[in-house]
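K.L.:
coords below, sequence missing:
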């Protein structure tokens, strides 16, 4: 799955931090001395699957986002002499050419050679102890900000007491129903001119599915507790007015057990991501991970090579399960209908171009048309064709 550094686009914050030393005066956005640093994100797990490494470059504030690092040679080696090679699949994502799983008692090391011949590596790392998710559940809750919504809670327990440090990611998939979908649609009259014809709708979809990935660092630790038990930990909160829970919703939660070093890295990274920490009076300097340049230890390299045990669980729920008889959350678009005229006062086609470029879709007939109105109501395409937001294909894992 493509986590990419967008999940931790916060690395740009780190890149900015090491442009400053010690305390700072009022901030001035001058990036003349900006350096492009390699960012490595790699989490190898004990799941038997194609593993993934993401390589990008830091970017400046005025840029849209990180740029991918293409055409690198990437491999992971273990202490038994095995080497697992990775191939560039685009967008900075490198996927192993064979499936493998991190094994207990084995040490792993990452190797990266960029297309300009620079060599990078990581500290040797072993897989962390395993801990399974015992329960995931959805509950209607009012959060600390007074918002009504759905909370996703998690319980986990490691009887050995060796796990302690946990990081979470999730994938949420939800059904989208276009509220103004119509079984009829409009096309331009093949005879030409400004005319339109109503035909059976074979292009627009009413029901779609979309998957979004978590974009925050979610951590917890049982280090200071009497037992290694995570209880009632809230992984996700969704405001009841969020359209993603309007129909059927599913969430897959992954629990990564982290080493002390990895947990400290992500905890510090999370603190740096806060709006107050970047421009505070005390700057922590460069956040050092366990990746480095083999040729120049003074070169800034961002990121972390993590080898984690993973447990994952998926749940489903419907809006009616928790809000029976209550109105649905507002759709992502207001979906106000309009009735553009077929031809304007200057004799120029008005409605046909709107339909043909896909800016609007047919909602119904406007009978009788008002002054300066046409015979058809239309709405923005997002209201009548769910493909704007998702895919009509039902996910393989989906159950009703």
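P.N.:
Looks like it arrived, so ask away. Here the structure is a predicted model, which is why all the values come from computation and not from measurement.
K.L.:
in stretch 80-93, what counts as buried?
P.N.:
Buried residues in stretch 80-93, defined by neighbour count with 16 or more other CB atoms under 10 Å: 84, 86, 88, 92-93. From N, CA and C alone the C-beta is placed, and that goes for glycine too.
K.L.:
which of the residues you listed lies closest to residue 106?
P.N.:
Ranked by distance to residue 106 (CB to CB), the buried residues of stretch 80-93 are led by residue 84 at 11.8 Å.
K.L.:
which stretches of the stretch 301-400 of the chain form helices?
P.N.:
319-322, 351-356, 381-384 (DSSP state H, counting those that start in this stretch).
K.L.:
so where is this structure shaky, pLDDT-wise?
P.N.:
Along the chain, the model assigns pLDDT under 70 to residues 1-35, 60-63, 274-286.
K.L.:
check it and tell me which residue is nearest its centre.
P.N.:
Geometric centre of the chain, nearest residue: residue 213, 3.0 Å, by CA atoms, centre = their mean.
K.L.:
if that one is in a bridge, with which residues?
P.N.:
residue 171 (DSSP bridges).
K.L.:
could you pull out the helices for the stretch 1-150 of the chain?
P.N.:
So, for the stretch 1-150 of the chain - with DSSP H, counting those that start in this stretch - the helices run 11-17.
K.L.:
strands of that one, start to end?
P.N.:
With DSSP state E, counting those that start in this stretch as the criterion, the stretch 1-150 of the chain has strands at 38-45, 52-57, 67-68, 73-78, 83-88, 93-96, 107-113, 119-122, 125-126, 132-142, 148-157.
K.L.:
circling back to that earlier point, quick one: which two of the buried residues of stretch 80-93 are the most distant?
P.N.:
Farthest apart among the buried residues of stretch 80-93 by CB to CB are 84 and 92. That separation is 18.5 Å.
K.L.:
hang on, residue 264 in a strand?
P.N.:
No. Counting by DSSP: H, G, I helix; E, B strand; the rest coil, residue 264 is not part of a strand but helix.
K.L.:
got the buried residues for the longest strand along the chain?
P.N.:
Counting residues, the longest strand found in the chain (DSSP state E) is strand 301-318. Buried residues in strand 301-318, counted by 16+ other CB under 10 Å: 301-313, 316-317.
K.L.:
so which of those is the closest to residue 393?
P.N.:
Distance to residue 393 across the buried residues of strand 301-318 (CB to CB) is lowest for residue 316, with 17.5 Å.
K.L.:
so the closest one makes contact with residue 249?
P.N.:
Yes. With contact defined as CB atoms under 8 Å, residue 316 and residue 249 form a contacting pair (7.0 Å).
K.L.:
nearest spatial neighbour of residue 335, skipping sequence neighbours?
P.N.:
residue 383 (3.8 Å; CB to CB, 6 or more residues apart in numbering).
K.L.:
neighbours of that neighbour, just the number please.
P.N.:
23 (other CB atoms under 10 Å).
K.L.:
look up how far residue 331 lies from it.
P.N.:
Distance of residue 383 to residue 331, computed by CB to CB, to the nearest Å: 7 Å.
K.L.:
overlap in contacts of those two?
P.N.:
residue 179 (CB atoms under 8 Å, 6 or more residues apart in numbering).
K.L.:
give the contact list for residue 142.
P.N.:
Shown in contact with residue 142 (CB under 8 Å, 6+ apart): 148-149.
K.L.:
then residue 129?
P.N.:
158, 160, 162-163, 257, 309.
K.L.:
measure it to residue 160 for me?
P.N.:
Counting by CB to CB, the gap from residue 129 to residue 160 is 6 Å.
K.L.:
and for residue 85?
P.N.:
With distances taken as CB to CB, residue 85 is found 34 Å from residue 160.
K.L.:
go on, residue 234?
P.N.:
25 Å.
K.L.:
look at those two and report which has more neighbours.
P.N.:
Of the pair residue 234 and residue 160, residue 234 is the one with more neighbours under other CB under 10 Å, namely 14 against 9.
K.L.:
doesn't the more buried one fall inside a strand?
P.N.:
Yes. Judged by three-state DSSP, residue 234 forms part of a strand.
K.L.:
that one contacts residue 155, doesn't it?
P.N.:
No. Between residue 234 and residue 155 there is no contact under CB under 8 Å: 11.4 Å.
K.L.:
the stretch 151-300 of the chain: helices as residue ranges?
P.N.:
For the stretch 151-300 of the chain, applying DSSP H, counting those that start in this stretch gives helices covering 260-272, 275-278.
K.L.:
most packed of those helices?
P.N.:
Of all those, helix 260-272 carries the top mean neighbour count, a mean of 17, counting by mean count of other CB atoms under 10 Å.
K.L.:
packing partners of it?
P.N.:
Judged by 3 or more CB pairs under 8 Å, 6 or more residues apart in numbering; DSSP states H and E, helix 260-272 is in contact with helix 11-17, strand 165-177, strand 218-221, strand 301-318.
K.L.:
that helix: how far from the chain's middle?
P.N.:
Offset of helix 260-272 from its chain centre (CA atoms, centre = their mean, to the nearest Å): 20 Å.
K.L.:
all numbers from here: first residue = 317
P.N.:
Yep, numbering from 317; the last one is helix 576-588 now.
K.L.:
quick check: angle from that helix to strand 481-493?
P.N.:
Going by axes from the mean of the first three to the mean of the last three CA atoms, to 10 degrees, helix 576-588 is angled at 60 degrees with respect to strand 481-493.
K.L.:
adding distance to residue 525, write the helices and strands packed on helix 576-588 out as JSON lines.
P.N.:
JSON lines is the format used below for these (distance: least, CB to CB, whole Å):
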{"stretch": "helix 327-333", "distance to residue 525": "31"}
{"stretch": "strand 481-493", "distance to residue 525": "6"}
{"stretch": "strand 534-537", "distance to residue 525": "24"}
{"stretch": "strand 617-634", "distance to residue 525": "12"}
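K.L.:
out of these, the one nearest residue 669 is which?
P.N.:
Residue 669 lies closest, by CB to CB, to one member of the helices and strands packed on helix 576-588: strand 481-493, at 27.2 Å.
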